[in-house]
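*Asks:* Sharing a model that was predicted from the sequence below.
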Amino acid sequence: MSRQANPTLIGAFVLGALILGAVTTLLLAGGQWFQKKGQHILYFEGAAQGLQVGAPVVFLGVKVGTVKRIQLGLDTENHHFLVPVTIEVEPNIVQSRNGDKVDLRDRETIKKLVERGLRAQLKMQSLLTGQLYVDLDFHPDKPPRFMASDVQLSEIPTIPTTAEEFATKLEGFPMDTFLADLAAISQALNGILSSQEARMIPVRLEATLAHLESLSAKLDHDGAPVLAEMRKALEAVRDAMLKVGGVAEAGSPMAVSLGKASEELAKTAQALQGLAGEESPTVQRLNTALLEITRAARALRLLAETLEQQPESLVQGKRLQGEGK
């Protein structure tokens, strides 16, 4: 006789298994189910082919969220279609230098970052699959363009992809004029290359190369004697420079002789300066001698006049004035 199962025990076992499964799921989810995630909306004007729900949202190379929803919108004012993309940002991703958390879910924080140049752009995630992701980066040189009509939405302005920017530039490029100019240049080059002068260019180049080879051979043959003479001249110049340097060196015999001669000349010049001075004894003696010579000359002149008038005075003596009358 088999024993009947206890329904209460079975129910308790099932309930315990459900609770254990729920706890395990919560632990594997890391508690993210109870965290509030912020959403922002992006309006892309070009095609978003390759962008899928769940694609990463990268801010300066770091994944900060995922694409939550992709829609197709219409700009009634400009009459063209848009691609509104809703992204969901995870919390506690950005941390300041002092350890404070910067919440990218906060609308005011995103607004300040947009004022500093934060823009969203689609970029290629894989060249093989063609999948795209949303890249958030700063482009302060590109003015923001807001598309949302609902002021309650937190919008991050977008910028075109690199391919779209290139296509936009090509739209204004005068391709017809460029191709016409290119054809004209090609035709002109064809005419120049087919002319007789252009055909003679290889012949002239060959002749020029032959002359250059001949000149090079001549230099190789005659260059050795010239180089030898130049080498001898340089050695002679070097010897002369060494001799001049030896004469000019301090302490050499010639330098000592020149120094002594210079000292003697200095002493002589000083002595002459002393003799030529106004108050020097030599000058005073010369003045006295000159005075004496002047006086003697005057006395001789008087004696000569007396002997001319009274020759007998040499024997009888000089007559007094009025004595001869």
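*Replies:* Noted; the coordinates are in hand. Numbering: from 1, shown residues only.

*Asks:* Okay, Leu113 and Val134: tell me how far apart.
*Replies:* The gap separating Leu113 from Val134 is 15 Å, by Cβ to Cβ, to the nearest Å. Every C-beta, even on glycine, is put in place using the N, C-alpha and C of the backbone.

*Asks:* And those two? Which one has more around it.
*Replies:* For Leu113 versus Val134, the count of surrounding residues by other Cβ atoms under 10 Å is larger for Val134: 26 against 17.

*Asks:* Does Val85 touch His40 like I think?
*Replies:* No: assessed by Cβ atoms under 8 Å, Val85 is found out of contact with His40, at 9.4 Å.

*Asks:* Any idea how far stretch 293-311 is from the middle of the chain?
*Replies:* 102 Å (Cα atoms, centre = their mean, to the nearest Å).

*Asks:* Which residue ranges of the stretch 201-325 of the chain form helices?
*Replies:* 253-275, 281-309, 313-316 (DSSP state H, counting those that start in this stretch).

*Asks:* returning to what we had before: looking at Val85 and His40, which is more packed in?
*Replies:* Neighbour count, other Cβ under 10 Å: between Val85 and His40, Val85 has more, with 26 against 23.

*Asks:* Now do the same contact list for the more buried one.
*Replies:* Ile41, Leu42, Tyr43, Phe44, Ala48, Leu51, Val67, Arg69, Ile70, Gln71, Val134 (Cβ atoms under 8 Å, 6 or more residues apart in numbering).

*Asks:* Now list the buried members of these.
*Replies:* Ile41, Leu42, Tyr43, Phe44, Ala48, Leu51, Val67, Val134 (16 or more other Cβ atoms under 10 Å).

*Asks:* From those, which one has the minimum pLDDT?
*Replies:* Lowest pLDDT among these: Ala48, with 82.

*Asks:* Look up phi and psi at that residue.
*Replies:* phi -110, psi 30 (degrees, to the nearest 10).

*Asks:* Quick one: neighbours of the nearest residue to it once chain neighbours are set aside, just the number.
*Replies:* Leaving aside its chain neighbours, Ala48 sits nearest to Val83 (4.4 Å; criterion: Cβ to Cβ, 6 or more residues apart in numbering). For Val83, the neighbour count with other Cβ under 10 Å is 19.

*Asks:* quick one: Val83 is in a helix?
*Replies:* No: in this structure, Val83 is strand, not part of a helix, as judged by DSSP: H, G, I helix; E, B strand; the rest coil.

*Asks:* who are the neighbours in contact with it?
*Replies:* Val83 touches Tyr43, Phe44, Glu45, Gly46, Ala47, Ala48, Ile70, Gln71, Leu72, Gly73, counting by Cβ under 8 Å, 6+ apart.

*Asks:* That one pairs with what?
*Replies:* Phe44 (DSSP bridges).

*Asks:* what separates it from Asn98, distance-wise?
*Replies:* Separation of Val83 from Asn98 (Cβ to Cβ) stands at 39 Å.

*Asks:* Ala266 too?
*Replies:* With distances taken as Cβ to Cβ, Ala266 is found 82 Å from Asn98.

*Asks:* More neighbours: these two, which one.
*Replies:* Between Ala266 and Asn98, Ala266 has the larger neighbour count (other Cβ under 10 Å), namely 10 against 5.

*Asks:* Tell me the pLDDT of that one.
*Replies:* In this prediction Ala266 is given a pLDDT of 71.

*Asks:* Nearest residue to the middle of this protein?
*Replies:* Residue closest to the average C-alpha location in the chain (Cα atoms, centre = their mean): Asp141, at 24.2 Å.
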